[in-house]
Structures are given as structure tokens and as C-alpha cells.
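A.B. asks: could you look at this predicted model? Sequence included:
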Amino acid sequence: MDIANLSFRTFAHGTEDPAKVERALRFVSGAETVTRSSSTGYYGNPIIVMEAKISDSKHIKALLRSLGPRSLTVLLDTLDLRMDDDSFFYFRLDKQEAFQERYVLANGEDVIAVKGKVKSYPQSRENAMTSMEHLLGSEIERATKGTNR
């Protein structure tokens with residue numbers, strides 16, 4: 001496995017039911033523990049920040065497979081934009097779709113942000129990119145073969 005862990009973060013705004021937001025986060029992450037902290041928006045509105053983390057390699061691979069070949073291809077095609085200098089890989093999932101128990105990549109604000117620490121040796125952005133290219137390529141191939149059965 002080339003990803004050491006995945007961290008998930010989302011917000012429950014004052015207009016949202018925190019239980020529903022947590023349900024969406026639990027669906028996406030599969031994590032047993034969700035931490036909550038309180039914050040305040042620009043206009044004084046209450047915000048609950050929810051976070052979860054997973055590090056089990058089987059669980060991480062299962063999540064990637066759940067994205068499906070199209071989304072995995074999008075991640076692969078935009079990998080350069082999603083990797084930082086510290087070997088972290090980023091993507092966002094639509095929070096409303098997650099509540100409906102669907103994995104959908106998103107670019108907007110109403111999202112569950114996912115951050116993965118990519119393992120590479122020696123640790124460098126280039127080595128992490130190579131690791132992620134291999135991992136995503138393998139998962140795309142596996143997903144594509146699975147749909148051709």
C-alpha cells in the first residue's frame with residue numbers, strides 16, 4: 001500500500017443537521033471515531049468541524065475502489081495538482097452525495113476533504129507521484145477488469 005493514512009474533514013453548518021453530516025462522514029471514511037470541534041463562521045454562525053482518520057491498507061484500497069474507474073482516472077489525470085511537496089495527496093467528495101451513500105468527486109465548498117499521506121522512499125514529491133501513479137493505475141485496471149466480467 002502506498003498510502004499510509006487518509007484523513008477526512010468536513011463541516012456541519014448551523015443550517016445542517018450534525019447527525020446527518022456525521023453519517024455522511026462515517027459512510028465515506030468507514031472510521032469508528034469521529035472527532036468534533038466547534039468553530040464560528042465569518043458572520044458569527046456556528047460551525048462544527050468533524051474529522052476522521054483511517055490507516056488500514058485494506059480499508060484505504062476499498063475506499064479507492066469505491067470511487068470507480070472514472071473518478072480514479074480523474075484523480076490520476078490531475079495528480080500533479082493534487083500532490084504537495086510533503087507527499088500529501090488531496091481530493092474532495094460531495095457531502096450531499098455521501099449522505100446518499102455515493103462516492104462522487106467534487107470541487108465545491110460543500111465537501112468532505114480527503115488528505116492522504118503517500119509513502120515513498122526516499123520521501124520526495126517525485127517519488128510520491130510515482131507511487132500514486134502506480135496505485136491509481138492498478139486500481140483503474142482492476143476496476144475496469146471488474147466491469148468487463
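C.D. replies: Looks like it came in fine.
A.B. asks: what's in contact with the helix or strand of the chain with the lowest mean pLDDT?
C.D. replies: Here the helix or strand of the chain ranked lowest by mean pLDDT, DSSP states H and E is helix 125-147, holding a mean of 90. Contacts to helix 125-147, defined as CB atoms under 8 Å, 6 or more residues apart in numbering, come from residues 1-3, 61, 64-65, 68-69, 72-73, 75-76, 79-80, 83-87, 89, 118-121. In this view, the C-beta of every residue, glycine as well, is placed from N, C-alpha and C.
A.B. asks: and it, how far out from the chain middle?
C.D. replies: 15 Å (CA atoms, centre = their mean, to the nearest Å).
A.B. asks: can I get it in CSV, CA atoms only?
C.D. replies: Taking Å, rounded to 0.1, in the frame of the first residue of the first chain, the C-alpha atoms of helix 125-147 are listed here in CSV:
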residue,chain,number,x,y,z
ARG,A,125,7.2,14.7,-4.2
GLU,A,126,8.5,12.9,-7.3
ASN,A,127,8.7,9.5,-5.6
ALA,A,128,5.2,10.0,-4.1
MET,A,129,3.9,10.9,-7.5
THR,A,130,5.3,7.7,-8.9
SER,A,131,3.8,5.7,-6.1
MET,A,132,0.4,7.3,-6.6
GLU,A,133,0.5,6.8,-10.4
HIS,A,134,1.2,3.1,-9.9
LEU,A,135,-1.5,2.7,-7.2
LEU,A,136,-4.2,4.6,-9.2
GLY,A,137,-3.2,2.9,-12.4
SER,A,138,-3.5,-0.5,-10.7
GLU,A,139,-6.9,0.3,-9.2
ILE,A,140,-8.2,1.6,-12.6
GLU,A,141,-7.1,-1.6,-14.2
ARG,A,142,-8.7,-3.7,-11.5
ALA,A,143,-11.9,-1.7,-11.7
THR,A,144,-12.0,-1.9,-15.5
LYS,A,145,-11.5,-5.7,-15.5
GLY,A,146,-14.2,-6.0,-12.9
THR,A,147,-16.8,-4.2,-15.1
